[in-house]
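Chemist: quick one, structure for this:
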Amino acid sequence: MSIFSNEALKHKHVLITGATGGIGYETAKVLAGMGARLTITGRNEEKLNELKQQLIPVVGEENVFVKTADLTVEKEREELVLSADKALGFINGLVNSAGIGGGGVVEELDEATVERVMNVNFKSTLFLTQLVYSRMLEKKEGDIVNLSSLSGLRGTHGNTAYAASKFAVIGWTQSMALEAIEHKIRVNAVCPGYVDTEMAWNSIRKKAEKKGVSFEEGMNEAAAAIPSGRISTTEEVANMIAFLLTDAARNIVGEAMKISGGNFMR
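Modeler: Alright, predicted model coming up:
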């Protein structure tokens, strides 16, 4: 559910990657409540169609376009952008939500794991954005929100490859933002701490197993370590993304917006 006006993004066609679950899935629902036209993409066609059925009553079938894509494949990135533009018009909003966890402590890393994490979380995101950005440059208009992480702002134990990929997203966001704002295009990043998603559950589960405690105990420990006493919801992160796409955020440029319940202070 959106906390914003149901017409706040009526002028936007937003492409959301990673829309098959977690933050991307919830972001689509929030943006629909703000009147946006939506292209949703991911690898799981069934989940995308499930989401589409939830969006249709809000924005109408003609304003939702579904396209499965593996963003690590150049041809599929190109087909996604071309078909989305053809279906719903100029893409003037992009939410790069697709991402994976992965890696571990340094001595456990292997080249294949590092390549996979960097390809999904950074490289494919960069090159998809390049395709969308080229059209934004022609129109001198657009907003881009990249999903980084609290792990992109500080190192995290046992999460080296993931943290490296999210640090890369921050550096790229800040550098691109300086170029893009010259053309009236804004680029920002959102940096969640733990969010109530499958990725976070898997991370907490692994840590709990290493400690020899139950998943429930691991969840309680994770929440207790956060000053607010709880993990963020996907809706809270989606609302921050939504805000960055609105005109209310028109002078927010190149920022890495944290949402962590104060966890960044510890």
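
Chemist: where do the strands of the stretch 151-266 of the chain begin and end?
Modeler: Along the stretch 151-266 of the chain, the segments classed as strands by DSSP state E, counting those that start in this stretch run 185-192, 256-259.

Chemist: quick check: which helices or strands does the first one pack against?
Modeler: Read it as strand 185-192. Under the contact definition 3 or more Cβ pairs under 8 Å, 6 or more residues apart in numbering; DSSP states H and E, strand 185-192 sits against helix 124-139, strand 142-147, helix 160-180, helix 234-245, strand 256-259. (Each C-beta comes from the backbone N, C-alpha and C, glycine too.)

Chemist: from the chain's centre, how far out does the fourth one sit?
Modeler: Looking back up the chat, that one is helix 234-245. Distance, stretch centre to chain centre, for helix 234-245: 10 Å (Cα atoms, centre = their mean, to the nearest Å).

Chemist: swap in the second one?
Modeler: Here the centre of mass of C-alpha atoms in strand 142-147, compared against the chain's by Cα atoms, centre = their mean, lies 9 Å away.

Chemist: same deal with the longest one?
Modeler: The gap between the average C-alpha position of helix 160-180 and the chain average comes to 13 Å, counting by Cα atoms, centre = their mean.

Chemist: between the one helix or strand in the chain whose mean pLDDT sits lowest and helix 160-180, how big is the angle?
Modeler: Lowest mean confidence among the helices and strands of the chain (mean pLDDT, DSSP states H and E): helix 198-211, at a mean of 79. Angle of helix 198-211 versus helix 160-180, following axes from the mean of the first three to the mean of the last three Cα atoms, to 10 degrees, is 150 degrees.

Chemist: what angle do helix 198-211 and strand 185-192 make?
Modeler: Using the same axes, to 10 degrees: helix 198-211 against strand 185-192 is 30 degrees.

Chemist: quick one: contacts for T173?
Modeler: The contact partners of T173, by Cβ atoms under 8 Å, 6 or more residues apart in numbering, come to N146, S148, V187, N188, A189, G254, A256.

Chemist: what's the closest of those residues to T17?
Modeler: For the contacts of T173, the closest approach to T17 (Cβ to Cβ) belongs to N146, at 10.1 Å.

Chemist: what residues are up against the spatially most central residue of the chain?
Modeler: Centroid-nearest residue in the chain: S97, 2.1 Å away (criterion: Cα atoms, centre = their mean). S97 is in contact with I16, T17, G18, A19, G22, I23, G24, T27, L147, counting by Cβ under 8 Å, 6+ apart.

Chemist: now, among those, which is nearest to E217?
Modeler: G22 (23.1 Å).

Chemist: what about the closest one, how many residues nearby?
Modeler: Applying other Cβ atoms under 10 Å, we find 21 residues neighbouring G22.

Chemist: just the contacts of S97: which are in helices?
Modeler: Counting by DSSP state H, the members of the contacts of S97 that fall within helices are G22, I23, G24, T27.

Chemist: and the closest residue to L178 other than its chain neighbours, how far from A180?
Modeler: Leaving aside its sequence neighbours, L178 sits nearest to G254 (Cβ to Cβ, 6 or more residues apart in numbering; 6.5 Å). For G254, the distance to A180 equals 9 Å [Cβ to Cβ, to the nearest Å].

Chemist: so for those two, which residue has more residues nearby?
Modeler: A180 (22 against 17).

Chemist: now do the contacts for the closest residue to the more buried one other than its chain neighbours.
Modeler: Distances taken as Cβ to Cβ, 6+ apart place V187 nearest to A180, at 5.0 Å, with adjacent residues excluded. Counting by Cβ under 8 Å, 6+ apart, V187 touches D143, I144, V145, N146, T173, M176, A177, A180, I181, V253, G254.

Chemist: quick one: which of those is nearest to L48?
Modeler: Each of those was checked against L48 using Cβ to Cβ; the closest is V145, at 19.7 Å.

Chemist: buried deepest among the strands of the stretch 151-266 of the chain, which one?
Modeler: Greatest average neighbour count among the strands of the stretch 151-266 of the chain goes to strand 185-192 (a mean of 25), per mean count of other Cβ atoms under 10 Å.

Chemist: buried stuff in stretch 48-55?
Modeler: L48, L51, K52, L55 (16 or more other Cβ atoms under 10 Å).
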